[in-house]
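> generate a structure from the sequence data that follows.
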Amino acid sequence: MLENNFVDFYVTGEGEKIFSDIINNNVVGKKQSKFIKQENPLDLNLITNPYPADILPLSKNETMLLETMRGCSSKCTYCYYGKSFPKIRYFEKQEIEKFFLKANKSDIKEIYIMDPSFDHCKNLNDKLSFIAKCNASKIPIHTEIHLETVNEKNIHLFKDAGISSVEAGLQSTNPLALKNVKRKFNMGKFLKGAELLQKNNIKITTGLIVGLPGDTLEGFEETLDFVISNDLSEGVEIYPLSVLPGSTLSETASKDKIEYMKAPPYYATSTNTMKYDDFVFAEDIVKQKRDMDLYEPVLAHFYNHDDIITFMDLRRKIKNDELINLLKKIGNNLTLLINHKNLSDLNLFKEIDNIISDSNPFTLVQIVVECDKPLENKAAKDLNRIFSNNNGYFENTRIFHKDNQNRYSVRFFQITSNIETFIKLDHWKTFWDPLFNIKKGMNDNAYNFLKNKIPMIVIDKNISQKELNKILSIYKNYESFIMRSDIDI
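Purely as a prediction, here's the structure:
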């Protein structure tokens, strides 16, 4: 990035004032370093909320974002935020009132209060009462809290305020691991808070971390058992430990014998109590006990968003000029649908990769080949050499995931409506991820196949509503396996 001429400044810290200065030309003509740092915490009274000021437009069913405070008094060693902003600062109540006036007049679906922890405040009950008064339309609110702060005396205030869902950063129940990262945890109060929220239909998302210093694979399994046995696993989110630059943990990693990536997402790959294989086995434990993947399946996209190109049907011949113009509009994902007969045209794919690299080098590419016979792996490997970014962030995020492709930046799929072909592909565990194409007028045999296998599916555009409803009922708990198409494949 340092070599890019189109980057004018690198800003660290709170950016509102610096960004305003740049926009208002207050830095132009001044002798200025390319690196600008906001040295002192900003006076929050000087920050205008962008929604009431009509700086940020609002769309129907959008989530509005709100901060009521900044800073964190916790000292979690894996987190940089509390270390960089240890003092809590509050936004003026008038600014929050203006925000809710705008929200109450808008057709939005949710408000996300982004405080590091909603309960880090002078008086939680007063804060809830104030939010309840402001939130006249009872717009659903999502936020992060410590469940230990929820009790019989204030649960009604959570309801009155419109709190409909919360995140709870449990991380672990291992006392040694929590002590090592300076996390407080009171199991009795935690469970009582969870019980009260659940009784009042407030959804809980529970966060867990794999690989905290001092934790073990057995310790992680005990934490997962705790979450499952207390009905907290429905919305559980599980992440490998990240050793973030500047965090206390990064300063003690060598002493604690923690090995970790030196590039994002900075995952720990081994600790003094967990080997690399333990991180891999953690996914198996989650699959076995929770029937869920730590890693969402990579999906293809068979539609475009307005002027953004996320899908190209290369089964038809596209002129070179048209191809270049289309690829200049690509988004962060691009699905290429091709016929198996075109797999040998490597020059075409090299040209596409060159254009993508110039237009958006961070684009994730999904290559979908239409064929009713199992494809050879060689074709995928040839394409992989063209498109794959081996050192990319997304590759790093899946380092513990056992995957035939072992790739994220480019994924290979074979799509078929032939049940026998799909079963062979799935059984052989080839380099291609199999997709089953749902076409209009499916027979009972195909529906039984869906019920028994729950494959990743692509639904053609012109299936009937009755057929669609039948499929959606089968995939009620597996919506992430469904891909909708704007065409009939």
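
> where do the helices of the stretch 251-400 of the chain begin and end?
276-290, 320-327, 346-359, 377-387, 393-397 (DSSP state H, counting those that start in this stretch).

> F130: which of those helices is closest?
Nearest to F130 among the helices of the stretch 251-400 of the chain is helix 276-290; the distance by Cβ to Cβ comes to 37.8 Å. Backbone N, C-alpha and C define where each C-beta goes, glycine included.

> outside of the closest one, which residues touch it?
Helix 276-290 is contacted by residues 210-211, 216-217, 220-221, 224-225, 228, 233, 236, 238, 240, 268-270, 292-295, 400-402 when judged by Cβ atoms under 8 Å, 6 or more residues apart in numbering.

> repeat the analysis, applying 7 Å as the threshold.
210-211, 217, 220-221, 224, 228, 233, 236, 238, 240, 269-270, 292-294, 400-402 (Cβ atoms under 7 Å, 6 or more residues apart in numbering).

> from those residues, list the buried ones, please.
Buried by 16 or more other Cβ atoms under 10 Å: 210-211, 217, 220-221, 224, 233, 236, 238, 240, 269-270, 294, 400, out of those.

> that older thread, would you list the helices of the stretch 251-400 of the chain in CSV and tack on distance to V166?
Shown next, in CSV, are the helices of the stretch 251-400 of the chain (distance: least, Cβ to Cβ, whole Å):
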stretch, distance to V166
helix 276-290, 20
helix 320-327, 43
helix 346-359, 40
helix 377-387, 41
helix 393-397, 26
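
> could these go into TSV alongside mean pLDDT and distance to H305?
TSV is the format used below for these (pLDDT from 0 to 100; distance: least, Cβ to Cβ, whole Å):
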stretch	mean pLDDT	distance to H305
helix 276-290	93	32
helix 320-327	84	14
helix 346-359	89	16
helix 377-387	87	22
helix 393-397	86	20
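
> of these, which approaches S480 most closely?
For these, proximity to S480 was assessed by Cβ to Cβ; helix 276-290 is nearest, at 14.6 Å.

> roughly how far is that closest one from the heart of the chain?
Distance of helix 276-290 from the chain centroid (Cα atoms, centre = their mean, to the nearest Å) equals 20 Å.

> mind listing what's buried in that helix?
Residues of helix 276-290 classed as buried: D278, F279, F281, A282, E283, I285, V286, R290 (neighbour count, 16+ other Cβ under 10 Å).

> so which of those is the closest to N339?
For the buried residues of helix 276-290, the nearest to N339 is E283 (35.0 Å; Cβ to Cβ).

> any idea of the mean pLDDT in the helix or strand harbouring K98?
K98 is part of helix 93-104, with elements assigned from DSSP states H and E. Mean pLDDT, computed over helix 93-104, is 96.

> can you spell out which helices and strands pack onto whatever helix or strand comes next after it?
Once the chain leaves helix 93-104, the next helix or strand it forms, by DSSP H and E, is strand 110-113. Packing partners of strand 110-113 (3 or more Cβ pairs under 7 Å, 6 or more residues apart in numbering; DSSP states H and E): strand 63-66, strand 141-144.

> show me how far strand 110-113 is from its chain's centre.
17 Å.

> what segments of the stretch 351-489 of the chain are strands?
Ranges of strands in the stretch 351-489 of the chain, per DSSP state E, counting those that start in this stretch, are 364-370, 410-416, 433-438, 457-459, 482-484.

> any chance of these in a markdown table, with mean pLDDT and distance to S388 too?
Shown next, in a markdown table, are the strands of the stretch 351-489 of the chain (pLDDT from 0 to 100; distance: least, Cβ to Cβ, whole Å):
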| stretch | mean pLDDT | distance to S388 |
| --- | --- | --- |
| strand 364-370 | 94 | 9 |
| strand 410-416 | 93 | 5 |
| strand 433-438 | 95 | 15 |
| strand 457-459 | 97 | 23 |
| strand 482-484 | 94 | 22 |
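
> next, format these as CSV and append distance to F422 and mean neighbour count.
Formatted as CSV, these follow (distance: least, Cβ to Cβ, whole Å; neighbours: other Cβ atoms under 10 Å):
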stretch, distance to F422, mean neighbour count
strand 364-370, 13, 23
strand 410-416, 6, 24
strand 433-438, 5, 23
strand 457-459, 10, 21
strand 482-484, 15, 18
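
> between the ones you listed, which one is nearest to F130?
Smallest distance to F130 across the strands of the stretch 351-489 of the chain (Cβ to Cβ): 41.5 Å, for strand 482-484.

> what comes into contact with the closest one?
So strand 482-484 is in contact with L299, A300, F302, Y303, I457, V458, I459, Y475, going by Cβ under 7 Å, 6+ apart.

> one more time with 8 Å
For strand 482-484, using Cβ under 8 Å, 6+ apart, the contacting residues are 299-303, 435, 456-459, 471-472, 475.

> take these and write them to CSV, including distance to K429.
Shown next, in CSV, are these (distance: Cβ to Cβ, whole Å):
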residue, distance to K429
L299, 19
A300, 19
H301, 24
F302, 24
Y303, 29
L435, 15
M456, 14
I457, 19
V458, 20
I459, 25
I471, 25
L472, 28
Y475, 23
